[in-house]
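1. predicted model, plus sequence, below.
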Amino acid sequence: MTTTRRGLLAGSAAVVVGAALDAPAAQAHTGGGSGRKPTVVLVHGAFADASGWNGVASRLIRDGYPVIAPANPLRSVASDSAYLSGILATISGPIVLVAHSYGGIVVTNAATGNPNVKALVYVAAFMPDQGETLLGLQTKYPGSRLSEAALDFRPYGEGLVDGYIKKEFFHDVFAGDLPRSTAELMWAGQRPADVRTLGEPSGAPAWKTVPSWYLVGGDDQVLPPAAQRFMARRAGAHTFEADTSHVAMIAQPAATAALIKRAAR
């Protein structure tokens, strides 16, 4: 897809998530006029699991969308992308692929070359170009509080290390607009990522050929909003903003689901 076409698809202005997204979505037409709604695949990021999508998934299922939320292994960019690519290959018909946080780099790679993926939706997610890394994008602009001091490192296997967010940082850095009791449960059940993922370069990005949507978390303390806006603008994504923490899909599931349904039209 050319830059001009992406610009026409996306428009240049970001708008605030509100009444426009909360309005009833039109009948999905990603299925090429068959009336069949696309399968929505929800991909979680690091320090989380697929249950973070429950509020979004329940709304989509209620509205008749087939939904799956697979486990993201969180072992490496290449292997996680290959794993998701294998899952996508088992789905017939159109797919809307949705990602949060680290899941963004995974879908960016996994969707490349899959003709069934008709739309990409990034929710406070990494949206790298070829050769870029998570750490490079996270630190491109100031504002991230997910520093080395906020992480616990636990070795596993032979010379391998997982990173976890420390309890004293989890609520304020990762999920500041959720109740502390909710954040404590999320901390207890967090799934770590292999720290090698931070410096592993991304491959050819699917967003260069697949229309994309982006939900910016305006109060994100993990991935700075400025970095999110930069990535969305570069990709020509339909961009919306919400006054949320990094876990926008949990804090504002209705707005997130509404954006996904827009992408599925």
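-> Now that the structure is in, tell me what you want to look at. Numbering: from 1, shown residues only.
2. quick one: contacts for residue 225?
-> By C-beta atoms under 8 Å, 6 or more residues apart in numbering, the contact list for residue 225 reads 143, 216-219, 241. Yep, even glycine has a C-beta here, placed from its N, CA and C like the rest.
3. how much space separates it from residue 145?
-> 13 Å (C-beta to C-beta, to the nearest Å).
4. tell me who's in contact with the nearest residue to residue 46 once chain neighbours are set aside.
-> Distances taken as C-beta to C-beta, 6 or more residues apart in numbering place residue 193 nearest to residue 46, at 3.7 Å, with adjacent residues excluded. Listed by C-beta under 8 Å, 6+ apart, the contact set of residue 193 reads 46-47, 74, 102, 162-163.
5. strands of this protein, start to end?
-> Using DSSP state E, the strands found in the chain span residues 15-16, 39-43, 67-68, 95-100, 117-123, 151-156, 160-165, 193-194, 212-217, 238-242.
6. export the ones you listed to CSV and append columns for distance to residue 184.
-> Formatted as CSV, those follow (distance: least, C-beta to C-beta, whole Å):
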stretch, distance to residue 184
strand 15-16, 30
strand 39-43, 23
strand 67-68, 27
strand 95-100, 20
strand 117-123, 23
strand 151-156, 15
strand 160-165, 12
strand 193-194, 20
strand 212-217, 21
strand 238-242, 24
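7. for those strands, which one sits closest to residue 78?
-> Distance to residue 78, taken as C-beta to C-beta, is lowest for strand 193-194 among the strands of the chain, at 11.4 Å.
8. partner strands of that closest one, with direction?
-> Applying DSSP bridges, strand 193-194 is found paired with strand 160-165 (antiparallel).
9. now do the partner strand against strand 151-156, angle only.
-> Orientation check (axes from the mean of the first three to the mean of the last three C-alpha atoms, to 10 degrees): strand 160-165 against strand 151-156 gives 150 degrees.
10. list the buried ones in stretch 184-194?
-> Of the residues in stretch 184-194, 186-187, 190-194 count as buried by neighbour count, 16 or more other C-beta atoms under 10 Å.
11. got it, and stretch 112-119?
-> 112, 114, 116-119.
12. nearest to residue 246 among those?
-> Nearest to residue 246, judged by C-beta to C-beta, of these is residue 119 at 22.4 Å.
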